[in-house]
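Participant: Sequence below, structure please.
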Amino acid sequence: MTVRAACHAARCGGLLFSAICLGADPAALPVRGLHVGAPSADELPVCLRLIREGLAKEGVNTLVVEFGYRYQFTKRPEVAEENALSRDDVQALLAACRQAGVRMIPQINLLGHQSWSKTTHSLLRAHPEFDETPGKYPNNEGIYCRSYCPLHPGVHAVVFDLIDELAEVSEADAFHVGMDEVFLIGEDDCPRCQGKNKAELFAQEVRMLRDHLARSNRTMWMWGDRLLDGNLTGLGKWEASQNETHPAVHAIPKDVVVCDWHYERAVPTATWFALEGFQVVSAPWRKAGVALGQLELIRSARQHATPAVASRMLGVLSTSWAGGMGGFARAYFREGQLNPSAVEAVACFRALFEDLRNAGLR
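Facilitator: Prediction:
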């Protein structure tokens with residue numbers, strides 16, 4: 001087995017890469033990632049080109065693809081969005097990733113983010129009985145995003161089928177469950193959740209999803225904002241929690257990989273997650289200065305912390321939020337009509353990975 005193959009295949013205690021990856025050079029970052037939204041089928045050619053020509057050149061070794069419900073599920077076809085990707089489409093992305101030496105991790109955003117603007121996503125359209133706030137907020141007015149009820153007796157049978165099918169077609173050894181920006185949880189409008197502790201509800205859902213993935217030997221990734229105290233840190237309600245979910249950090253398994261996103265400043269919360277026992281990846285977006293600051297914090301901790309803490313500082317995951325992978329790819333190649341947000345995200349991505357390459361991908 002080659003060193004590259006060993007790095008991708010080996011996992012121990014939830015570590016993404018084995019000691020062989022770190023042994024040759026303790027300064028090397030195990031995760032050098034990009035997060036994108038799933039493309040549409042007609043965008044596949046430029047996205048496959050991005051993987052084969054762009055990501056390999058830049059030094060990306062991990063691609064998180066947020067499919068959401070945009071896959072042609074056969075176990076739960078009622079949940080598939082219109083114009084969803086086929087099995088062949090996902091396999092094409094996977095084949096390109098393998099050709100480029102990139103690990104592909106699929107994502108469905110779970111618990112929160114079950115709507116966007118006036119559009120309710122297909123899980124709650126197909127199963128309105130799972131809604132945390134049933135019958136409230138017509139056209140989603142007055143809320144950020146809907147949530148499903150984590151205590152509904154039927155929700156996990158559906159969610160687990162979706163996870164399993166997408167993970168299997170992606171041949172994935174890890175799965176990203178999202179869980180960011182959950183504002184509706186433990187609501188008084190929910191007959192099951194009303195009056196319950198929000199941190200306990202959040203932690204229970206993390207454990208449910210993690211335990212399910214562990215049964216198929218898959219590692220769970222999630223966003224970290226709901227685990228941070230928005231008041232204590234001064235980060236507010238977006239990059240951290242002000243609705244009392246943050247104590248959940250002490251009640252979830254330590255083998256969960258936390259993606260610590262911050263877009264306006266390079267705050268040292270990744271180190272805090274590592275000190276709490278979690279493997280952590282810093283996730284910037286569109287500001288190169290913030291991305292480079294986060295990278296420096298990761299490097300500093302890996303250089304100066306104890307080996308136990310240093311080994312948990314896995315690397316970086318550049319996010320795009322650019323209308324999907326197609327928009328990011330067009331901006332990367334500077335082709336066609338460009339989304340201004342995609343242009344910003346690409347500029348940040350390029351600066352981050354140029355710095356990594358100049359340091360020997362460390």
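Participant: Would you mind listing the buried residues in the helix or strand containing residue 44?
Facilitator: In this assignment (DSSP states H and E), residue 44 forms part of helix 44-49. Under the neighbour-count criterion of 16 or more other Cβ atoms under 10 Å, helix 44-49 has 44, 46-48 buried. C-betas here are computed from N, CA, C, even on glycine.
Participant: now swap in stretch 103-120 and tell me
Facilitator: 103-115, 120.
Participant: swap in stretch 80-97?
Facilitator: Going by neighbour count (16+ other Cβ under 10 Å), the buried part of stretch 80-97 is 80-81, 84-85, 89-90, 92-94, 96-97.
Participant: what does it contact?
Facilitator: Around stretch 80-97, the neighbours that count as contacts under Cβ atoms under 8 Å, 6 or more residues apart in numbering are 38-41, 44, 47-48, 51-52, 63, 65, 67-73, 103-104, 106, 121-122, 166, 169-171.
Participant: Apply 7 Å and report the result again.
Facilitator: Stretch 80-97 is contacted from outside by 38, 40-41, 44, 48, 51-52, 63, 65, 69-73, 104, 122, 169-171, using Cβ atoms under 7 Å, 6 or more residues apart in numbering.
Participant: Distance from the chain centre to that stretch, please.
Facilitator: Centroid separation between stretch 80-97 and its chain, computed with Cα atoms, centre = their mean, to the nearest Å, is 18 Å.
Participant: Let me see the mean pLDDT of it.
Facilitator: When pLDDT is averaged over stretch 80-97, the result is 97.
Participant: cool, stretch 100-113 as well?
Facilitator: For stretch 100-113, the mean pLDDT works out to 98.
Participant: Quote the end-to-end distance of it.
Facilitator: Distance between the two ends of stretch 100-113: 31 Å, counting by Cα to Cα, to the nearest Å.
Participant: so where do the helices sit in the stretch 51-200 of the chain?
Facilitator: Per DSSP state H, counting those that start in this stretch, the stretch 51-200 of the chain carries helices over the ranges 56-58, 87-100, 122-126, 155-169, 198-214.
Participant: Adding distance to residue 318, write the buried residues of stretch 80-97 out as a markdown table.
Facilitator: As requested, the buried residues of stretch 80-97 are arranged in a markdown table below (distance: Cβ to Cβ, whole Å):
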| residue | distance to residue 318 |
| --- | --- |
| 80 | 28 |
| 81 | 25 |
| 84 | 26 |
| 85 | 22 |
| 89 | 23 |
| 90 | 22 |
| 92 | 23 |
| 93 | 18 |
| 94 | 20 |
| 96 | 18 |
| 97 | 16 |
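Participant: what sits against residue 332?
Facilitator: Counting by Cβ under 7 Å, 6+ apart, residue 332 makes contact with 50, 54, 346.
Participant: Next, the buried residues of the host helix or strand of it.
Facilitator: In this assignment (DSSP H and E), residue 332 forms part of helix 325-333. Taking 16+ other Cβ under 10 Å as the basis for neighbour counts, the residues of helix 325-333 that come out buried are 325-332.
Participant: before we move on, what about stretch 316-327?
Facilitator: Buried, per 16+ other Cβ under 10 Å, within stretch 316-327: 316-327.
Participant: and what of stretch 160-173?
Facilitator: Judged by neighbour count (16+ other Cβ under 10 Å), stretch 160-173 contains these buried residues: 160, 162-167, 169-170, 172-173.
Participant: report the longest helix in this structure, please.
Facilitator: Identified as the longest helix of the chain according to DSSP state H is helix 340-358.
Participant: Quick one: list the elements packing against that helix.
Facilitator: Under the contact definition 3 or more Cβ pairs under 7 Å, 6 or more residues apart in numbering; DSSP states H and E, helix 340-358 sits against helix 288-304, strand 313-319, helix 325-333.
Participant: What ranges does the stretch 51-200 of the chain have for its strands?
Facilitator: Secondary structure of the stretch 51-200 of the chain, counting by DSSP state E, counting those that start in this stretch: strands at 62-66, 103-110, 115-116, 119-120, 174-178.
Participant: mean confidence score for stretch 49-60?
Facilitator: Per-residue pLDDT over stretch 49-60 has a mean of 97.
Participant: so how far is that stretch from its chain's centroid?
Facilitator: Shown here is stretch 49-60, whose average C-alpha point lies 20 Å from the average C-alpha point of the whole chain (Cα atoms, centre = their mean).
Participant: If we go by neighbour counts, what in it is buried?
Facilitator: Buried residues in stretch 49-60, counting neighbours by 16+ other Cβ under 10 Å, are found at 50-52, 54-56, 58-60.
Participant: Endpoints of that stretch, how far apart?
Facilitator: Start and end residues of stretch 49-60 are separated by 14 Å (Cα to Cα).
Participant: What lies in contact with it?
Facilitator: Under the criterion Cβ under 7 Å, 6+ apart, residues 32-34, 63, 96-97, 99-102, 329, 332, 353, 356-357, 361 lie in contact with stretch 49-60.
Participant: same check, this time on stretch 129-144
Facilitator: Stretch 129-144 is contacted by residues 115, 117-118, 120, 123-124, 128, 146-149, 152, 155, 181, 183-185, 187, 189-190, 193 when judged by Cβ under 7 Å, 6+ apart.
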